[in-house]
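Colleague: turn this into a model:
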Amino acid sequence: MTRTEAAHAITLVGEPRDVLLARAFVRRTLAERGLQDFADDAVAVISELVTNSIMHGRGPITAKVGVDEGEIEVSVSDTAPTVPAPRDPDVEDEGGRGLLIVAKLSDRWWTEAGPYGKTTIARISLRRR
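Modeller: Below you'll find the model as predicted:
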């Protein structure tokens, strides 16, 4: 994908504290571009994607955020080949809602898998507001 503005990236080791680091990274990156009004959705999406990589993937994890063509793109890559799939959790289930949240907050999302792992990407329109 060609980007008019280079995406910024952070490499994480795959520990629970990485979710906080990724959230702060996205919030800071968007604020630097004057897009702080769109940060809440992007932060929630990156949080869910990093959490999924920590729980079901393998580190290192790379989180990226970029802005192009009127959209914020957030992505998370890890070295596990398993592609995430939305679940239909029971009311009592503590987990299983991450991709449902990603789908609700983003305009579209998908996963690209390869021989060295996968990348899950979500795009959030700047035209929503």
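
Colleague: spatially nearest residue to Asp41, not counting backbone neighbours?
Modeller: Of all residues not flanking Asp41 in the chain, Leu105 sits nearest, at 4.5 Å (Cβ to Cβ, 6 or more residues apart in numbering). (C-beta placed from N, C-alpha, C; glycine too.)

Colleague: residues near that neighbour, how many?
Modeller: Leu105 is flanked by 18 other residues according to other Cβ atoms under 10 Å.

Colleague: which residues in the chain form strands?
Modeller: Counting by DSSP state E, the chain has strands at residues 8-12, 61-68, 71-78, 108-114, 117-125.

Colleague: redo those as JSON lines? Include distance to Phe25 and mean pLDDT.
Modeller: Shown next, in JSON lines, are the strands of the chain (distance: least, Cβ to Cβ, whole Å; pLDDT from 0 to 100):
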{"stretch": "strand 8-12", "distance to Phe25": "5", "mean pLDDT": "95"}
{"stretch": "strand 61-68", "distance to Phe25": "6", "mean pLDDT": "95"}
{"stretch": "strand 71-78", "distance to Phe25": "10", "mean pLDDT": "96"}
{"stretch": "strand 108-114", "distance to Phe25": "19", "mean pLDDT": "93"}
{"stretch": "strand 117-125", "distance to Phe25": "15", "mean pLDDT": "95"}
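
Colleague: hey, which of those strands is tucked in deepest?
Modeller: Stretch with highest mean neighbour count among the strands of the chain: strand 71-78 (a mean of 24; mean count of other Cβ atoms under 10 Å).

Colleague: what angle separates it from strand 61-68?
Modeller: Strand 71-78 and strand 61-68 meet at an angle of 170 degrees, taking axes from the mean of the first three to the mean of the last three Cα atoms, to 10 degrees as the criterion.
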